[in-house]
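1. The sequence and its predicted three-dimensional model are supplied below.
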Amino acid sequence: DPVFLNAPYSATVPEGSPEGSPIFEILVRDGDTGIPRPIELTIEGDRLEYFQLTQNQVSSDGVLSVTLATSKNIIDRENKEVLKEGGLYAFQVRAREVVDESGPVYGEETITSVTIVVTDIDDELPVFNRNSFTVPVPEDVGSDTPLPGLTLEVVDKDVSKNAEFSLSLEAVSPNSEGVFYVYPERALGKTPVIIRVKDPERLDYENEAARNFQFNVIAEALNGMKIKSEITVVVTDSNDNIPQFAEKSYEFNVAEDALAELPIGKIEAFDPDSGSYGEILYSIKGFGSEKFYVRPETGDISVASCGSENEIIPQGASCLDYEDRKSFSLTYTATDGGGQTTTTNLVIRIEDVNDNHPEFGLDEYRRVVREGDSVFEPALFIKATDADGPLQGGGKVFYTIKTINTDATVFQIDPMSGEITMTKPVRVEDTENGRYDLVIRATDQGKPDPLHGDVKVFIDVGSIRNQKPKFSQPRYDIAIRENAEAESDVIQVKADDPDGKNSDLRYHIHSGSKDNFVINPATGMITVAPDAVLSIEQNGELYEISVQVTDNGEPYQQTSGAQVTITVQDVNNKAPKFLQDSYTEYVLENEEKGHHVLTVTATDPDRNADLEYDIIEPIEARDKSGTKLENIAAYDFKAAFSIDPRNGKISISEKLSYSSAAVIILTLQVKDKNAEENIEDQVATTEATLYIKAFNADNPVFPPPWTPSDPTISVNISENIPPGEALFNLGAKDPLTGEQI
């Protein structure tokens, strides 16, 4: 068989090698002994026909030498078959013995493998999958967000380092500079390209100069060659703007008699968004908003119909009433098509209109007088009220006598107070039926035209046959105790009816009882009310009660009055109380006996209270370590202080000792010695904590009024003192030597 002398065969060949480039030499000879036969070499399996055999030479000893060289088909590392094998290209070389060259006739043959490692050269440029893209981007996109829908890829078919390239952006439109950035900036082979938003604030659909951006994505190979893909970014509108009102709040006025559908005002908001995002609907909310209507599309505000919430019934009545409510503070809302909402404050003030006539307290007034009377007893007042506000007279009314059924001038009325008085004695013969019929008019001060109301007043002139009842005395005085029991009798008033039965008389309290006294209408007995509160502290001690009695006379009842004065006498039934829940004081241990430490004060609402102070158990003490002292054998801390029972002054009664008792807690008591009721309960207690301070005779001392027990110095200064000026001089002395420190 033929024998390859220098097998195996492998070599590294760079792609793009020119035709005829030698790869390596193949040596082969006939393996038989004797005269060697000729050998023929052929290439097998070179599917891409990248190689050829050249320069055949036969040596004297029969060795055939052939050169493997590149063919006219230039080697391409990026060829799919080469790429598939990772850059390896394999084929075979066949060596056959030539038995008869004329045939030719071949004898034995041998095949050997050839492996070529094709190395890459930078012969490929990066390629984008598309030359241009148009990408819509919403204006509210966030920072570092990739451009949505951009499927940009770049491929460099070279391998290894030769496939490296860089990516960058090149502004086409001036406005795109710095708005976007590319990722990655360096890539290898096939790479998806991501464009991210760098400065989203510059994307603004509402700004025409910020709606469109053009730039190139540049891919630059290592050899400096560049390719590009053009990107056009079209900014789409987003609901990134909320409606904006021109003012923070709005105020409108409307008259209280305004009819439904009357325009009040118009409030509009601005939203720069486009399309439905910029369309705004308006509404109002708040207490009383149902009295008004806003047209959602336009913002026109008008009066709503009464009883139809936020609706309008043309020319219907409104529910506006100045006397009921003078203003409305509402929330006015603007909502755009994307649901963005903003609000502003809307105040609608109701203008007062003179729409209320004066109204009298009674439907009619009646009074009976005796013939010859020249004054009303009691005084006769006619009272009317007007509900209109300050701009319509402020409720003031003026009274006049409109008509009277007599030519005689008998009565007059005070225009301000409404009191009717007699100008001369009344007479039965002044009228046909012995009764004066008056019409009293009350006129308000409204604008533009005042309104009025009328009421009838009937004054009957009675004869001596219908006389007033008469109290047995014009004034009654009585004193009762503050603790008088409920429903207990106080005093009985009595009256006589000169022309009727006393049993028909009826008593009632007209005023002054403060709801603490009631009267029996049949007997005139005044008693303490069931729920009376006779406390002097709450209701005072004096009650001036006006009592009236009415007979059963014909044709009209007659009334008389009397005054009852009830004086409530104080009862000592209330407990005293300390001004403070607890007291604290600091005392130097070297203070002398009798030194005043503290004054405690208690109060008692009873008028005749006589308070007495005392120190009672428990009295506790603790030493400087905080340990409670259990007995007084070593030091009688319970006798350390005493209190003046008259004024609550606490003084030192025994020598103090910080080392023995650093804290002494006194229980203080005050009681009312004049207590009449609840005697055991008319006591109050409190605590006084006294801290004993150690005294060191070596400590410096400040000048008076400073003392160790009251270490305070008060200084008065004037205002407007310039900075740096001395306020006062403070010195101290050594207590032993008296020298200034």
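-> Everything's here; your move. From a predicted model like this one, the values you see are computed outputs, not experimental measurements.
2. List the buried residues in the helix or strand of the chain with the lowest mean pLDDT.
-> Lowest by mean pLDDT, DSSP states H and E among the helices and strands of the chain is helix 536-539, with a mean of 86. Within helix 536-539, the residues scored as buried using 16 or more other CB atoms under 10 Å are I536. All C-beta atoms are positioned from the backbone trio N, CA, C, and that covers glycine.
3. Now the element after it, going C-ward?
-> Downstream of helix 536-539, the first helix or strand assigned by DSSP states H and E is strand 542-550.
4. what's next to that next one, contact-wise?
-> For strand 542-550, contacts defined as CB atoms under 8 Å, 6 or more residues apart in numbering pick out 469, 471, 493, 495, 505-514, 516-517, 519, 524, 526, 557-568.
5. cool, and stretch 447-456?
-> Here stretch 447-456 has contacts from 354, 356-360, 362-365, 382, 384, 386, 391-393, 402, 437-444, using CB under 8 Å, 6+ apart.
6. And it, what's buried?
-> Within stretch 447-456, judged by 16+ other CB under 10 Å, the buried ones are 450-453, 455.
7. same check, this time on stretch 627-640
-> 629, 635, 637-638, 640.
8. do the same with stretch 382-396
-> Buried-residue list, stretch 382-396, by 16+ other CB under 10 Å: 382-384, 386-389, 392-393, 395.
9. all strands of the stretch 1-150 of the chain, in order?
-> Counting by DSSP state E, counting those that start in this stretch, one finds strands in the stretch 1-150 of the chain at the ranges 2-4, 9-14, 22-30, 39-44, 51-58, 64-70, 88-100, 105-119, 127-128, 132-138.
10. Include distance to A532, mean pLDDT and mean neighbour count when you put the ones you listed into TSV, please.
-> Formatted as TSV, the strands of the stretch 1-150 of the chain follow (distance: least, CB to CB, whole Å; pLDDT from 0 to 100; neighbours: other CB atoms under 10 Å):
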stretch	distance to A532	mean pLDDT	mean neighbour count
strand 2-4	139	91	19
strand 9-14	123	92	15
strand 22-30	132	92	18
strand 39-44	134	92	17
strand 51-58	132	90	14
strand 64-70	131	94	19
strand 88-100	120	91	17
strand 105-119	120	90	16
strand 127-128	103	92	16
strand 132-138	79	93	16
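11. Dump those strands into a markdown table; add distance to N216 as well.
-> Converted to a markdown table, these look like this (distance: least, CB to CB, whole Å):
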| stretch | distance to N216 |
| --- | --- |
| strand 2-4 | 56 |
| strand 9-14 | 33 |
| strand 22-30 | 43 |
| strand 39-44 | 47 |
| strand 51-58 | 42 |
| strand 64-70 | 39 |
| strand 88-100 | 38 |
| strand 105-119 | 33 |
| strand 127-128 | 10 |
| strand 132-138 | 9 |
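12. I figured I75 hits T12, correct?
-> No. Taking contacts as CB atoms under 8 Å, I75 lies outside contact range of T12: 11.4 Å.
13. can I assume T667 is in contact with Y613?
-> No. In terms of CB under 8 Å, T667 does not count as a neighbour of Y613; the distance is 11.7 Å.
14. Name the residue in those two with the higher neighbour count.
-> Taking T667 and Y613 together and counting by other CB atoms under 10 Å, Y613 has the greater number of neighbours (22 against 15).
15. Give me the neighbour count for the closest residue to the more buried one other than its chain neighbours.
-> Spatially, and ignoring its direct neighbours in sequence, Y613 is nearest to G648 (4.4 Å; CB to CB, 6 or more residues apart in numbering). A total of 20 residues lie near G648 under the criterion other CB under 10 Å.
16. swap in E139?
-> Residues lying near E139 (other CB under 10 Å) number 22.
17. cool, and S176?
-> 20.
18. Equivalent analysis for G20, please.
-> Neighbour tally, G20, other CB under 10 Å: 12.
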